[in-house]
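Chemist: A predicted structure for the sequence below; I have some questions about it.
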Amino acid sequence: MAFVVHSGTLDKLYPVLMLASTGGAMDAEVHLFFTFWGLDAVKKGGFDKAKLPGIMSLGTGMMKSKIKSVGVPSLPEIFAMCRDTENVKIYACSTTMEMMDVSKDELIPEVDEIVGAATFLDIAMDADVQMFI
Amino acid sequence: MVNVDVEVDAKGMYCPMPIVKLKKATKTMEPGQVLKLISTDPGSKRDVPAWANKTGAEILETNEENGEFTFLIKVS
């Protein structure tokens, strides 16, 4: 499985991590390539800070408490589950890092590699499932 | 009567939790051992067989009663 994680908003990061953790649990190799706004998610504390998009961002707190009340784990918790499967690899886009002045130290230690498009495509061409989220 | 080696209670949990918990539990088990999973997530009905299909586990028994799904799974 190879995903381009382009969005850094809560509503998009949930499906990314749900599919990644489940894929990992199904013995699939999962590769997540964080680019553009997606890169914010792999900055330290990024998953915790993710909000709903646009004007809906005002309702983020409400959405998070609803998520919690039905017993669905938070983004940082699902991310930890992804890593726990040992099948989910994390890549940060080198160009986005340059464009947005993000240094390696600002990223979470779970980022396995800082790479470019060719690395992602090399992986994606061999993957059975490719998505852009 | 099948002998259950490990039991996983995923009642009240939603996707992806039952599958993730199930997989985690199988990591400590030997091939051929039997795991019992109890889930209330309606998605489990299709999700658990799909998981088994990909990991090579075998579903020995499935039971649905009052919204509670019980699976007996032989791990690979």
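Modeler: Good, I have the coordinates.

Chemist: Helices along chain A, start to end?
Modeler: Here chain A has its helices, by DSSP state H, at A:10-25, A:46-49, A:60-69, A:75-84, A:94-99, A:117-125.

Chemist: chain center to the shortest one: distance?
Modeler: Chain-centre distance of helix A:46-49: 10 Å, with C-alpha atoms, centre = their mean, to the nearest Å.

Chemist: Pull the residues that contact it.
Modeler: For helix A:46-49, the surrounding residues in contact (C-beta atoms under 8 Å, 6 or more residues apart in numbering or on different chains) are A:8, A:13, A:40-41, A:74-76, A:79, A:108. In this view, the C-beta of every residue, glycine as well, is placed from N, C-alpha and C.

Chemist: Put together a markdown table for these, with neighbour count and pLDDT on each row.
Modeler: Below are these laid out as a markdown table (neighbours: other C-beta atoms under 10 Å in any protein chain shown; pLDDT from 0 to 100):
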| residue | neighbour count | pLDDT |
| --- | --- | --- |
| A:8 | 22 | 97 |
| A:13 | 22 | 98 |
| A:40 | 20 | 97 |
| A:41 | 26 | 98 |
| A:74 | 16 | 97 |
| A:75 | 20 | 98 |
| A:76 | 14 | 97 |
| A:79 | 26 | 98 |
| A:108 | 16 | 98 |
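
Chemist: Reformat the helices of chain A as TSV; add distance to residue B:2.
Modeler: Output for the helices of chain A, formatted as TSV (distance: least, C-beta to C-beta, whole Å):
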stretch	distance to residue B:2
helix A:10-25	23
helix A:46-49	40
helix A:60-69	36
helix A:75-84	28
helix A:94-99	52
helix A:117-125	41
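
Chemist: who wins for proximity to residue B:31 among the ones you listed?
Modeler: Evaluated with C-beta to C-beta, those place helix A:10-25 nearest to residue B:31, the distance being 17.3 Å.

Chemist: what about dumping the CA coordinates of that closest one to PDB?
Modeler: The C-alpha coordinates for helix A:10-25 follow below in PDB (Å, rounded to 0.1, in the frame of the first residue of the first chain):
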ATOM      1  CA  LEU A  10      -8.400  15.800  11.000                       C
ATOM      2  CA  ASP A  11     -11.100  14.500   8.600                       C
ATOM      3  CA  LYS A  12      -8.500  13.300   6.100                       C
ATOM      4  CA  LEU A  13      -5.900  12.000   8.600                       C
ATOM      5  CA  TYR A  14      -8.400   9.700  10.200                       C
ATOM      6  CA  PRO A  15      -9.000   7.600   7.100                       C
ATOM      7  CA  VAL A  16      -5.300   7.600   6.400                       C
ATOM      8  CA  LEU A  17      -4.400   6.200   9.800                       C
ATOM      9  CA  MET A  18      -7.400   3.800  10.000                       C
ATOM     10  CA  LEU A  19      -6.400   2.300   6.600                       C
ATOM     11  CA  ALA A  20      -2.700   2.200   7.500                       C
ATOM     12  CA  SER A  21      -3.200   0.600  10.900                       C
ATOM     13  CA  THR A  22      -5.600  -2.000   9.500                       C
ATOM     14  CA  GLY A  23      -3.400  -2.600   6.500                       C
ATOM     15  CA  GLY A  24      -0.500  -3.200   8.900                       C
ATOM     16  CA  ALA A  25      -2.600  -5.600  10.900                       C
END
